[in-house]
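1. what follows is a predicted structure for the sequence shown.
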Amino acid sequence: MAVEFPSNGFWCSTCRHFHQGLPVSFAADFPDSYVALKKAERETRAQISSDQCIIDDEWFFIRGLVEIPIIGFQEPFLWGVWTTVKKEPFEEISNHWETAGRENMIGPYKGRLDNSLSEYPETLNLKCTIHIRPVGERPVFCINEPDHLLAKEQREGISLVRIQEIASRLMHKS
């Protein structure tokens, strides 16, 4: 039986104030490869939506989640990130974007993370497996490099203290 998730908040180690609630997800809005383009280049070289991105008709990206169990709780901690995939899987995923039951029809796929998460040793280009979820849900990315801290936390879970540390740093990043 899972423990009730604390909703009152936490003391922030960065600003030394009490914050209401505890964030259990953080997300990258764009793939790092997209962010690396100059703003003018983005208009001519890239196509982007909330869940997919194409650069130069050569690089293909899907937005999804790295789910990390929170020790003692049912709710996972979520990293919203982007992964790069080859053209064929990208097209197959796109073709089934609104197909009911797609999670049983397509995938899994291989990908590489396209975001550097500051709370970990370098995560850019980490190998992952992309698991398709039902329509309306983002894919889940399982990290395939077992010695990396992100993969270890995905396997073993993280504590509320670790989440508070992450939140304390990320909530105050400019």
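-> Sure, I can see it. Numbering: from 1, shown residues only.
2. can we go C-alpha only for contacts and neighbour counts from here?
-> Will do.
3. need the helix or strand of this protein with the lowest average pLDDT.
-> Ranked by mean pLDDT, DSSP states H and E, the helix or strand of the chain with the weakest confidence is strand 10-11, at a mean of 63.
4. quick check: residue 160 vs residue 118, distance?
-> 18 Å (C-alpha to C-alpha, to the nearest Å).
5. look at those two and report which has more neighbours.
-> Per other C-alpha atoms under 10 Å, whichever of residue 160 and residue 118 has more neighbours is residue 160, with 18 against 11.
6. go ahead and confirm the more buried one touches residue 69.
-> No: contact criterion C-alpha atoms under 8 Å: residue 160 and residue 69 do not qualify, at 10.6 Å.
7. surely residue 117 meets residue 123?
-> Yes: using C-alpha under 8 Å, residue 117 is in contact with residue 123, at 6.0 Å.
8. return the set of buried residues in the biggest helix by length in the chain.
-> Ranked by number of residues, the top helix in the chain under DSSP state H is helix 160-170. Within helix 160-170, the residues that count as buried by 16 or more other C-alpha atoms under 10 Å are 160, 163-168.
9. would you reformat these as TSV and include distance to residue 137?
-> As requested, the buried residues of helix 160-170 are arranged in TSV below (distance: C-alpha to C-alpha, whole Å):
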residue	distance to residue 137
160	25
163	23
164	26
165	28
166	25
167	24
168	28
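10. what's the neighbour count on residue 37?
-> 14.
11. what's the spacing between it and residue 30?
-> 11 Å.
12. show me where the protein has its strands.
-> Secondary structure of the chain by DSSP state E: the strands cover 10-11, 18-19, 25-27, 46-48, 52-55, 59-69, 76-85, 109-113, 127-131, 140-143.
13. name every strand pairing with the third one and say which way it goes.
-> Partner strands for strand 25-27, per DSSP bridges, with pairing direction: strand 76-85 (parallel).
14. residue 46 touches residue 54, doesn't it?
-> Yes: with contact defined as C-alpha under 8 Å, residue 46 counts as touching residue 54 (5.6 Å).
15. what's the pLDDT at residue 6?
-> With respect to pLDDT, residue 6 has a value of 53.
16. er, residue 126 I mean
-> On the pLDDT scale, residue 126 gets 98.
17. what's the burial count for it?
-> 19.
18. same question for the one 4 residues further on.
-> Here the neighbour count serves as a burial measure; for residue 130 (other C-alpha under 10 Å) it reads 23.
19. any low-confidence regions in the chain?
-> 1-7, 10-14, 19, 172-174 (pLDDT under 70).
20. now do the contacts for the closest residue to residue 42 other than its chain neighbours.
-> Leaving aside its chain neighbours, residue 42 sits nearest to residue 34 (7.2 Å; criterion: C-alpha to C-alpha, 6 or more residues apart in numbering). Shown in contact with residue 34 (C-alpha atoms under 8 Å, 6 or more residues apart in numbering): 42, 46, 55.
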